[in-house]
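> Sequence and predicted structure below; questions after.
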Amino acid sequence: MRRRILLPFLTLLLYGFISLTPEEIECEHAAAAIEDCCPEVDFTSLTCVADATCGPQVFPAFDEATSECLQQLSCDEMRAIGETGQSVCERIDLALMDRRERYDELETDEDLEPIEGVCP
């Protein structure tokens, strides 16, 4: 629970209290929930701050609807095996690995869109 409060605060502090969009804030809250429930998830490519400074535009890892959905799930629900044969935690981990690979291969005229299909 402590991390859930600390992560968004640290994000604001690191970015000098810049104006974050609702999508970025919700993504940060979802990231905190995932961190609490899915310790096996590799967070190295989970970015919640949009970046369009140079080259391709990078959107937050989760859009607002997906972020809100993830925040509503309990840890048991995130870890439960779903209809796909995978838990939400597993789907997130695989989606983040795919996102990392796509980011490495992006051309300057492409965008890195939010992850879809991880929340039931």
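Happy to help now that I have it. All values reported here derive from a predicted model rather than from experimental measurement.
> what are the C-alpha coordinates of stretch 96-116, in CSV please?
The C-alpha trace of stretch 96-116 is given here as CSV (Å, rounded to 0.1, in the frame of the first residue of the first chain):
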residue,chain,number,x,y,z
LEU,A,96,5.6,-5.2,-21.8
MET,A,97,8.2,-7.5,-23.4
ASP,A,98,6.5,-7.0,-26.8
ARG,A,99,6.4,-3.2,-26.2
ARG,A,100,10.1,-3.2,-25.4
GLU,A,101,10.9,-5.0,-28.7
ARG,A,102,8.7,-2.7,-30.7
TYR,A,103,10.3,0.4,-29.1
ASP,A,104,13.8,-0.9,-30.2
GLU,A,105,12.5,-1.3,-33.8
LEU,A,106,10.6,2.0,-34.1
GLU,A,107,11.2,4.2,-37.1
THR,A,108,10.9,8.0,-36.6
ASP,A,109,7.5,8.1,-38.3
GLU,A,110,6.0,5.5,-36.1
ASP,A,111,4.3,5.8,-32.7
LEU,A,112,4.4,3.5,-29.7
GLU,A,113,0.7,3.0,-28.8
PRO,A,114,-0.6,2.0,-25.4
ILE,A,115,-0.9,-1.7,-24.6
GLU,A,116,-4.3,-3.3,-25.2
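> Can you tell me what sits against it?
41-46, 55-63, 66, 92, 95 (Cβ atoms under 8 Å, 6 or more residues apart in numbering). Yep, even glycine has a C-beta here, placed from its N, CA and C like the rest.
> Tell me the buried residues in that stretch?
In terms of neighbour count (16 or more other Cβ atoms under 10 Å), stretch 96-116 has its buried residues at 96, 99, 112, 114-115.
> can you check stretch 84-92 too?
87-92.
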